[in-house]
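Trainee: Provided below for reference: sequence and predicted model.
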Amino acid sequence: GPKVLQIPSHQIIDMGQMVTLNCDPVSNHLYFYWYKQILGQQMEFLVNFYNGKVMEKSKLFKDQFSVERPDGSYFTLKIQPTALEDSAVYFCASSLEAAGNTLYFGEGSRLIVV
Amino acid sequence: GDQVEQSPSALSLHEGTSSALRCNFTTTTRSVQWFRQNSRGSLINLFYLASGTKENGRLKSAFDSKELYSTLHIRDAQLEDSGTYFCAAGDTGGADRLTFGKGTQLIIQP
């Protein structure tokens, strides 16, 4: 099936440093998403993005978070500065259209903040 | 309370048996997606439903948007079916914001 690629798969970072998580969505998809999963818990929506803009974000999407997709390259989630509670697996997803479409997820980027 | 209530939270089946997982929605839901998360953490798409039922091999899912529930039936369970199964409700708003349940941890025993 369609593949969403995420880089890196794992990263350990010192608290206060910046981290960028990269996502290569399905090639013809237009809508992009980030979800956060803390170990053993459910996935939680962070943000969705279309046409260069954030469409909707949850209260988990703190001011330290930002997303962009410069010139159709990677869709990125940047956290600056990182905090201990940012440790989680971050999943990127994409879909062809906004409504009534299957979301395809990447394999996740495991972030450990120490 | 949670928008998506998933049950059971854990389930153990012997190979060859069958069972069903369920999600109840507390608010109007446009669609439902079912996923299996394997031991590596990868999310595998199982079904997307806006209504009715779909079947794929030994799996069958149904979504009743009026009664606000969805089910996932697993027939003739195999060892590789082990994993955590999540349902996710599709938002009735614009872009497809999914609200996930807490998952059912399924263990298939020989």
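Mentor: That came through fine.
Trainee: in what helix or strand does the most centrally placed residue in chain A lie?
Mentor: Central residue of chain A (Cα atoms, centre = their mean): A:Trp34, 3.2 Å from the mean position. Using DSSP states H and E, A:Trp34 maps to strand A:31-37.
Trainee: Not counting that strand itself, show me its contacts.
Mentor: Strand A:31-37 is contacted from outside by A:21, A:23, A:25, A:43-50, A:55, A:60, A:67, A:69, A:75, A:77, A:88-98, A:101, A:103, A:105, A:108, B:95-98, B:100, using Cβ atoms under 8 Å, 6 or more residues apart in numbering or on different chains. (Glycine included, C-beta is placed from N, CA and C.)
Trainee: quick check, distance from whichever strand or helix holds B:Thr84 to the centre of its chain.
Mentor: Applying DSSP H and E as the criterion places B:Thr84 in strand B:83-90. On the basis of Cα atoms, centre = their mean, to the nearest Å, strand B:83-90 sits 5 Å off its chain's mean C-alpha point.
Trainee: returning to that earlier point: return the alpha-carbon coordinates of the helix or strand just after the strand holding A:Trp34 using CSV.
Mentor: Toward the C-terminus, strand A:31-37 is succeeded by strand A:43-50 as the next helix or strand (DSSP H and E). C-alpha atoms of strand A:43-50 as CSV (Å, rounded to 0.1, in the frame of the first residue of the first chain):
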residue,chain,number,x,y,z
MET,A,43,-2.5,8.2,19.6
GLU,A,44,-3.4,11.8,20.0
PHE,A,45,-3.8,14.4,17.2
LEU,A,46,-1.4,17.3,17.1
VAL,A,47,-1.9,19.2,13.9
ASN,A,48,-3.0,19.0,10.3
PHE,A,49,-1.6,20.9,7.4
TYR,A,50,-2.7,21.8,3.9
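Trainee: what's near enough to touch A:Lys57?
Mentor: Neighbours of A:Lys57 in contact, by Cβ under 8 Å, 6+ apart: A:Leu46, A:Val47, A:Asn48.
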